[in-house]
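>>> Here is a sequence with its predicted model. Questions after.
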Amino acid sequence: MAVSSRLSMRHLRSSQASDSMTSTSSILDQSRGTSSRAIRHSEAVTAYNVAPKQRLNLVDVALGPKRDTGTSRNSYRFIENSKDRKRRLWKEKQKKRAEQSKEPTIHFSGWMYLPDLILEHIFKFLSYKARLNASMTCCMWQRVFWNTSIWSHLVVRGTTLCEYRYVIARKDYEATVDTMRVSAALNSIGMKLKCLSFMPHENLHNIVTFQEVVCRWCNVNRKKLPNIKCFVYVFPCDFAKKRNEVEIYGTGGMILQNMKDLLTCLPGLERLELVDLQLDGLDGEHALDEVSEVCCFSLKTLKIVNITRIPFSMLAVSSFVNLRCLIISPHNLGDDLVECISCMPKLRNVHIVSNAYSESVPTPVDYRIWKQCRKSHPRLRVHLVTEGKHKKELTYQTKAPVKSLVYDTPYTRANQFAINLAVELYKTDLEVYCHQGLPRFTRSRSFHDRADSAYLYLVRQCPYLHTLMIRERISTSTVLLLAYTGKNLRYFHLRRNAIILKCDWPKSPDWSDEFYAWLKRSSRSYADMEKEVSQILGFRWYALNDKQFKLTHVNLNFQYYYEGFEEAY
């Protein structure tokens, strides 16, 4: 019911011009002939006249033994204070523990008869040595041990397939790569590998030796590794610490050359990730030459974050004709590269990512270049992302088709200035606004110090916003207002621990008495709030705990609206 009544993007664009003159109940009967240029600067008006009257039959899913809800329904009609609530929860926990102690303990003894799919999923979480020990348990586990899906991903670290030798100069044991074990492993699982990742934290010489052994194995056997579709290399920029200060180092020289030689042995590569290489000079200019010769037609996803230390436009990206997704740092994106991107018809998503190691201050691309890119490539989607432990702000691109703004930093706070700037620049394009992860700062519980009004302004001004992720403190009344105002809001992620049980919004002149009474009545408890939000969205909605919120992932490449709608220039 709610899904069918949810406004599509084309219908919402055509109905904005006449929405301010009529009520929202007559939106479906309006004309669709209004162009996007005429409604570009109009606001999405929400009439706060009546409480939502849509009633859905939402069923609560109860896990565990069936409980008698008749007594609890009569006993908790009043609003309990925090002391009574803690006492009730403590009694419920004691009762639950007593019931669990009476139940007989069931020991599962059929591990050898587990299905292959479950065993394969379990084996993926084990280390390589633990997998070998598990394979010696029985013949069933031995057979599953050699399945292709288990060895599809190989992660190489500083101590992978190493032996420890005693070094007299250091008077300690040092890990060195066992070349015979690496060759034997490639003979066994070389054709089963689909993803190869290098994530060292130290012992960079072991990574160089491992790459040399793989290249030598391919040359000796006169064959390559065409089944590998993904290659990941993350360089540890902060592996050197001196006097409690982190010195950022970049790769290059022998490490870079061995990595290039290894990439020539992967002709079927579809995803390439090079993170924090921090190259200087000509190394950054020619970092992708070997890859463009071998994988110019097969590569679909390219991630080059901080591939150079200084601002440099990576024009080698344009050589990958079948590229679908590009993840790049803002200082590696220039005017000439954006012009080349506008001539890549298969490219759909461009992620502009900055992290804690992005030293240089990037210069945004000229707005006239972005405006021309929008006309020549109307299906391009740009996403601005900042990640890592830092307090840097996003690098805004004026006139760019920005669909997402994502803050994946624990120290970034939502403020009125950043939200106003996002609304001013990307009002007609913004679809996703997220603050991911758990915060590492404290904020006042006062209404004037929180960002409740800023979030409501964002939802009102951005009618195509379908994903909103909030991790800071907001009140239950703000949650109801956001759900009520968002026309296309579908993915609404909130932390339950950050929701304040309070209706602290003063009555607005635009609100009717019936609406304000509904707002105050529904803000008294978490259950009432979740029930009303579920009725507005049209499906069962819950606030997330901290663990669920931390594990929530937002797919930015997913196109929520159907193709063929008019773009606003």
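That came through fine.

>>> Arg443 against Arg471, yeah?
No - here Arg443 lies out of contact with Arg471, judged by C-beta atoms under 8 Å, at a distance of 10.5 Å. Yep, even glycine has a C-beta here, placed from its N, CA and C like the rest.

>>> In terms of neighbours, single out the busier of the two.
Arg471 (25 against 14; other C-beta atoms under 10 Å).

>>> measure the more buried one to Ala451 for me?
Taking C-beta to C-beta, to the nearest Å as the measure, Arg471 falls 11 Å from Ala451.

>>> Kindly report the same for Met199.
36 Å.

>>> These two: who's more crowded?
Ala451 (22 against 16).

>>> What sits closest to the more buried one if chain neighbours are left out?
Ala414 (4.3 Å; C-beta to C-beta, 6 or more residues apart in numbering).

>>> ok, now Val554?
Per C-beta to C-beta, 6+ apart, closest to Val554 is Cys434, 5.5 Å.

>>> How many residues are close by Ser446?
Neighbour number of Ser446 under other C-beta under 10 Å is 9.

>>> should've said Met469
Neighbours of Met469 (other C-beta under 10 Å): 21.

>>> Using the three-state scheme, assign it.
Recorded secondary structure, Met469: strand (DSSP: H, G, I helix; E, B strand; the rest coil).

>>> Tell me the spacing between the closest residue to it other than its chain neighbours and Lys392.
In space, and not counting its chain neighbours, Met469 is closest to Cys434: 3.7 Å by C-beta to C-beta, 6+ apart. In this structure, Cys434 and Lys392 are 17 Å apart, going by C-beta to C-beta.

>>> Also Leu117?
43 Å.

>>> the more surrounded of those two?
Neighbour count, other C-beta under 10 Å: between Leu117 and Lys392, Lys392 has more, with 15 against 11.

>>> need the contact list for the closest residue to Leu204 other than its chain neighbours.
Closest residue to Leu204 apart from its sequence neighbours, by C-beta to C-beta, 6+ apart: Ile255 at 6.5 Å. Residues counted as contacts of Ile255 (C-beta atoms under 8 Å, 6 or more residues apart in numbering) are 204, 207-208.

>>> pLDDT wise, what is Ile255 at?
Note for Ile255: predicted pLDDT of 83.

>>> got it, and the one 4 residues further on?
Per-residue pLDDT puts Met259 at 90.

>>> So the residue nearest to Met469 sits against Val406, correct?
Yes - counting by C-beta under 8 Å, Cys434 does reach Val406; the two are 4.8 Å apart.

>>> pLDDT weak spots in the stretch 101-250 of the chain?
For the stretch 101-250 of the chain, applying pLDDT under 70 flags the ranges 102-109, 238-250.

>>> can you give me the strands for it?
Listed in chain order, the strands of the stretch 101-250 of the chain (DSSP state E, counting those that start in this stretch) span 153-156, 162-167, 172-177, 195-198, 230-234, 240-242, 245-247.

>>> any chance of these in a markdown table, plus mean neighbour count?
As requested, the strands of the stretch 101-250 of the chain are exported to a markdown table (neighbours: other C-beta atoms under 10 Å):
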| stretch | mean neighbour count |
| --- | --- |
| strand 153-156 | 17 |
| strand 162-167 | 12 |
| strand 172-177 | 16 |
| strand 195-198 | 18 |
| strand 230-234 | 20 |
| strand 240-242 | 9 |
| strand 245-247 | 10 |
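
>>> Quick one: closest of these to His466.
strand 230-234 (29.0 Å; C-beta to C-beta).

>>> Pull up the overlap in contacts between Cys434 and Val406.
With C-beta under 8 Å, 6+ apart, Cys434 and Val406 have common neighbours Val554.

>>> so where do the helices sit in the stretch 201-350 of the chain?
204-221, 254-263, 282-285, 289-294, 335-341 (DSSP state H, counting those that start in this stretch).

>>> Over to the stretch 351-500 of the chain?
Going by DSSP H, counting those that start in this stretch, the stretch 351-500 of the chain shows helices at 367-376, 416-426, 452-461, 476-485.

>>> pLDDT (mean, whole number) over the first one?
When pLDDT is averaged along helix 367-376, the result is 94.

>>> who does that helix touch, helix- and strand-wise?
helix 335-341 (3 or more C-beta pairs under 8 Å, 6 or more residues apart in numbering; DSSP states H and E).

>>> okay, now Asp276: neighbour count?
Considering only other C-beta under 10 Å, Asp276 is surrounded by 22 other residues.

>>> Also Lys83?
Lys83, neighbours per other C-beta under 10 Å, totals 8.

>>> That one sits in which helix or strand?
Using DSSP states H and E, Lys83 sits within helix 82-102.

>>> what distance separates that helix from the centre of its chain?
For helix 82-102, the separation from the chain centroid amounts to 37 Å (computed by C-alpha atoms, centre = their mean, to the nearest Å).

>>> OK, contacts around the residue nearest to Ala451?
435, 451, 454-455, 470, 472.

>>> From Gln372, how far off is it?
Taken as C-beta to C-beta, the span from Ala414 to Gln372 is 33 Å.

>>> So Tyr357 is in contact with Gln278, correct?
Yes - using C-beta under 8 Å, Tyr357 is in contact with Gln278, at 7.1 Å.

>>> Apart from its chain neighbours, what residue comes closest to Ala316?
Using C-beta to C-beta, 6+ apart, the nearest residue to Ala316 is Leu288, at 4.1 Å.

>>> quick one, what contacts the one you found?
304, 314, 316-317, 319.

>>> In strands only, show me the residues you listed.
Applying DSSP state E to those, the entries found in strands are Ile304.

>>> Now tabulate the contacts of Leu288 in JSON lines and tack on pLDDT.
JSON lines is the format used below for the contacts of Leu288 (pLDDT from 0 to 100):
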{"residue": "Ile304", "pLDDT": "94"}
{"residue": "Met314", "pLDDT": "92"}
{"residue": "Ala316", "pLDDT": "92"}
{"residue": "Val317", "pLDDT": "93"}
{"residue": "Ser319", "pLDDT": "93"}
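
>>> Any quick PyMOL command for the buried ones out of the contacts of Leu288?
Typed into PyMOL, the next command selects the buried ones out of those (criterion: 16 or more other C-beta atoms under 10 Å):
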select buried, resi 304+314+316+317+319
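
>>> Among the contacts of Leu288, which one lies nearest to Val338?
Ranked by distance to Val338 (C-beta to C-beta), those are led by Val317 at 10.7 Å.

>>> I'd say Ile228 and Gly268 touch.
Yes - between Ile228 and Gly268 there is a contact under C-beta under 8 Å: 6.7 Å.

>>> Now Tyr433. Nearest residue, chain neighbours left out?
Here the residue nearest Tyr433, using C-beta to C-beta, 6+ apart, is Leu405, at 5.2 Å.
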